[in-house]
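Enquirer: Next one to model:
(2 chains)
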Protein chains: 2
Amino acid sequence: MPRSLVTGGAGFIGSHLCERLVAAGHDVVCVDNFITGRSANVQHLAGQKRFTLLESDIRKPLHVPGRLDHIFHLASLASPKDYVRHPLETLEAGSIGSTHTLELARNSGATFLFTSSSEVYGDPLVHPQREDYWGNVNPNGPRSMYDESKRFGEAIAMAYHRQYGVSIRIARIFNTYGPRMRIGDGRVIPAFVTQALQERPLTVYGDGTQTRSLCYVDDTVEALFLLGTKTFPKDVQGVGLVINIGNPNELTMLDLARLVLKATGSKSPIIHEPLPEDDPKKRRPDISRARASLSWEPRVPLREGIKSTIPYFKAASMTKAS
Amino acid sequence: MPRSLVTGGAGFIGSHLCERLVAAGHDVVCVDNFITGRSANVQHLAGQKRFTLLESDIRKPLHVPGRLDHIFHLASLASPKDYVRHPLETLEAGSIGSTHTLELARNSGATFLFTSSSEVYGDPLVHPQREDYWGNVNPNGPRSMYDESKRFGEAIAMAYHRQYGVSIRIARIFNTYGPRMRIGDGRVIPAFVTQALQERPLTVYGDGTQTRSLCYVDDTVEALFLLGTKTFPKDVQGVGLVINIGNPNELTMLDLARLVLKATGSKSPIIHEPLPEDDPKKRRPDISRARASLSWEPRVPLREGIKSTIPYFKAASMTKAS
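Expert: A predicted model of the protein is given here:
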């Protein structure tokens, strides 16, 4: 059986990835420091023999006894609210955290998947974004702790590949949504869905014409699983394995608000607030490379994904209210 | 007397900065790990009471007993040849090295100057570069270990400013030349001058129409000294103190080769070799902000600066040959 390590494994995407790996028969070591991850996300896995939960902070050197075949480095503060509150932890997850996890890959011979982000494209000047676009990122702006942490993570992963031959893969994840997103983490789906469920106004920033491309978590996780575990021919190693993962179906925030109102049957009004500084206006992945390298593309339509997410937010807001 | 710390103080620019600080009456602590710095660069200062040389690696936490007023964080592998050979050390100088040095600033209350680089602009799409241009940098390309290390350094310096109120200043240094550059470090001035002095062909990459703006080290150091030691009004703190330092006089590499041939009286021919990957084609600082904030601008004309540099390279190539 393959043995896989997931840093940030108790987070939103991490916990779904742990599930997917267990389902594929992997032994899974889940590492989390619980700054934003929650043990409740992996509680249902905790009883299984194949699953080990390790409370540990990757900003310290990581010791994992035994063999490792695949490392998935997801640990990061991922929502703007969180990373603005924890700027140094965010920068350290991508820098020293990546170093420690890469050292583990180097010593164990495991494949190493770094979860980068569409944020490396910043406020893109070309559209849609292909992997060879270099981005438009403010290196010291209010979002720089996240963007530069991810760009640094790419650079150091590639340095380990070039210097030590570590088999690295870089997933640039675009907006992903689904069950286990944290209510109030500042991202659009938790915000809209809980506002709609509670019959409060839906907050749209700016005029709402800025777009996002939203991918359901099952689709994102399937791509991470494929990218992290597949054996690739030599000629695509390195930069060939920097791969956009996301849903190319783009929609405006105003259309998304309307879709959420419809899916929840809510009568909430839509209100407008000022656009935050450095907020990207447009973002859509070109996923040709993922299609070619992983034979992957998203399968879950937005309407369906949102419907699958609503019960989670219903339960979560009831727990929160109780 | 103010007390100042210079990381990378035995390097090319660092050693000139140490000199400048000693001349201004500062007590100076020079920290270097001697990966590329050389004790010979500060030998003439070593006897002085005001100067302390500390062999230490900033990738380990830094303990400097006593008061500190100003920190200048210059430590880095600065030439392409060096940072391609030491990619991880380069990435670590800007990440964990910056963290340790910023912690020292936070604990001591010293001002913190980070030496960023014109490389944060990458292969710029606007010209000349102003500080509010976000750059065009390949986050995982062959130069990414340097570029992303500097971008990360800016992000973490700004995070310490925003989070802890550390008085930070970010100097984006453009090409600088002068005595104590290392022969064979791959940069254009050492290459051209030693080739000319040895009557070997001058190697121009590509067709030689790519431009650089070259600043004499005394000018660069004066700007660093002013930026690091000045007290600034509150309204320019933070992003207002991200400042380009360089010489806006732009010239092509072909014109530079001709100028070096003239200054050295050499009869060497000029030959062409292929342009390296991701080599910036154009680079020129807009220094309006440095003019306004520091009342500074470069004073040494290129012809004069090169003449001041030739004796050093003459002596250095003789030492090397002997």
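Enquirer: what's the neighbour count on the residue lying closest to residue A:232 once chain neighbours are set aside?
Expert: Distances taken as CB to CB, 6 or more residues apart in numbering or on different chains put residue A:241 closest to residue A:232, at 6.4 Å, once the chain neighbours are dropped. For the C-beta atoms, the positions are set from N, CA and C on the backbone; glycine is no exception. Residue crowding around residue A:241 was assessed by other CB atoms under 10 Å in any protein chain shown; the count is 23.
Enquirer: Was I right to think residue A:241 contacts residue A:170?
Expert: Yes. With contact taken as CB atoms under 8 Å, residue A:241 and residue A:170 are classed as touching, separated by 6.4 Å.
Enquirer: any weak-confidence spans in the stretch 201-322 of chain A?
Expert: A:278, A:320-322 (pLDDT under 70).
Enquirer: How about the residues of it by chain B?
Expert: By CB under 8 Å from any CB of the partner chain, the part of the stretch 201-322 of chain A that sits against chain B consists of A:239, A:242.
Enquirer: all helices of the stretch 201-322 of chain A, in order?
Expert: Assignment of helices within the stretch 201-322 of chain A using DSSP state H, counting those that start in this stretch yields the ranges A:217-229, A:253-264, A:288-294, A:302-321.
Enquirer: tell me what the last one is packed against?
Expert: Helix A:302-321 is packed against strand A:176-177, helix A:188-197, strand A:215-216, helix A:253-264, with contacts defined by 3 or more CB pairs under 8 Å, 6 or more residues apart in numbering or on different chains; DSSP states H and E.
Enquirer: what's the distance between residue A:239 and residue A:259?
Expert: Going from residue A:239 to residue A:259 by CB to CB, to the nearest Å gives 36 Å.
Enquirer: Could you report the neighbour count for residue A:144?
Expert: For residue A:144, the neighbour count with other CB under 10 Å is 28.
Enquirer: what sits against it?
Expert: By CB atoms under 8 Å, 6 or more residues apart in numbering or on different chains, the contact set of residue A:144 is A:137-138, B:154-155, B:158-159.
Enquirer: Kindly recompute the last result at 6 Å.
Expert: Taking CB atoms under 6 Å, 6 or more residues apart in numbering or on different chains, we find residue A:144 in contact with residue B:155.
Enquirer: same question, residue A:4
Expert: Here residue A:4 is in contact with A:21, A:26, A:28, A:70 (criterion: CB under 6 Å, 6+ apart).
Enquirer: Now, those that are in helices?
Expert: Counting by DSSP state H, the part of the contacts of residue A:4 found in helices is residue A:21.
Enquirer: Neighbour-wise, which one of the contacts of residue A:4 leads?
Expert: Within the contacts of residue A:4, neighbour counts (other CB under 10 Å) peak at residue A:21, which reaches 30 neighbours.
Enquirer: From residue A:298, how far off is it?
Expert: Distance, residue A:21 to residue A:298, using CB to CB: 20 Å.
Enquirer: Among the contacts of residue A:4, which one sits closest to residue B:224?
Expert: Taking CB to CB as the measure, residue A:70 is the one of these closest to residue B:224, at 46.0 Å.
Enquirer: The closest one reaches residue A:112, doesn't it?
Expert: No. With contacts counted by CB atoms under 6 Å, residue A:70 stays clear of residue A:112, the gap being 8.2 Å.
Enquirer: Quick one: neighbours of residue A:277, just the number.
Expert: There are 9 residues near residue A:277, going by other CB under 10 Å.
Enquirer: quick one: what helix or strand has the nearest residue to it once chain neighbours are set aside in it?
Expert: Nearest-residue entry for residue A:277: residue A:142, 5.4 Å, with adjacent residues in sequence omitted and distances by CB to CB, 6+ apart. If you go by DSSP states H and E, residue A:142 is not part of any helix or strand.
Enquirer: quick one: residue A:142 from residue B:233, how far?
Expert: Shown here: residue A:142 relative to residue B:233, a distance of 22 Å by CB to CB.
Enquirer: Neighbour count for those two, which is higher?
Expert: Remark: of residue A:142 and residue B:233, residue A:142 carries more neighbours, 18 against 8, as counted by other CB under 10 Å.
Enquirer: Ok, which of the helices and strands packed on helix A:302-321 comes nearest residue B:92?
Expert: In this view, the helices and strands packed on helix A:302-321 are compared for proximity to residue B:92 by CB to CB, and strand A:176-177 is the closest at 30.9 Å.
Enquirer: quick one: strands adjacent to the closest one?
Expert: Using DSSP bridges, the strands paired with strand A:176-177 are strand A:215-216 (parallel).
Enquirer: how far does the partner strand sit from the chain's center?
Expert: In terms of CA atoms, centre = their mean, to the nearest Å, the centre of strand A:215-216 is found 10 Å from the chain centre.
Enquirer: So which residues make contact with that strand?
Expert: Counting contacts by CB under 6 Å, 6+ apart, the residues outside strand A:215-216 that touch it are A:176, A:178, A:246-247, A:298, A:300, A:305.
Enquirer: Output stretch A:32-40 in CSV with nothing but the alpha carbons.
Expert: Once non-C-alpha atoms are left out, stretch A:32-40 reads as follows in CSV (Å, rounded to 0.1, in the frame of the first residue of the first chain):
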residue,chain,number,x,y,z
ASP,A,32,-1.9,19.9,11.1
ASN,A,33,-1.2,22.6,13.7
PHE,A,34,-4.9,23.5,14.0
ILE,A,35,-4.4,27.2,13.5
THR,A,36,-7.3,27.0,11.0
GLY,A,37,-7.6,23.2,10.5
ARG,A,38,-10.2,21.5,12.7
SER,A,39,-10.1,17.9,14.1
ALA,A,40,-13.8,17.7,13.4
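Enquirer: residues of it that come out buried?
Expert: Neighbour counts over stretch A:32-40 (16 or more other CB atoms under 10 Å in any protein chain shown) mark A:32-33, A:35-37 as buried.
Enquirer: And the contacts of residue A:4, which two are furthest apart?
Expert: Distances among these were taken as CB to CB; the most separated pair is A:28 and A:70, at 9.7 Å.
Enquirer: ok, the closest residue to residue A:159 other than its chain neighbours - how many residues close by?
Expert: Sequence neighbours aside, residue B:87 is the residue nearest to residue A:159 in space, at 4.0 Å (criterion: CB to CB, 6+ apart). Neighbour count for residue B:87, taken as other CB under 10 Å: 23.
Enquirer: gap between residue A:19 and residue A:230?
Expert: From residue A:19 across to residue A:230, the span is 19 Å (CB to CB).
Enquirer: higher neighbour count, the two?
Expert: More crowded of residue A:19 and residue A:230, by other CB under 10 Å: residue A:19, with 19 against 14.
Enquirer: Perfect, that will be all.
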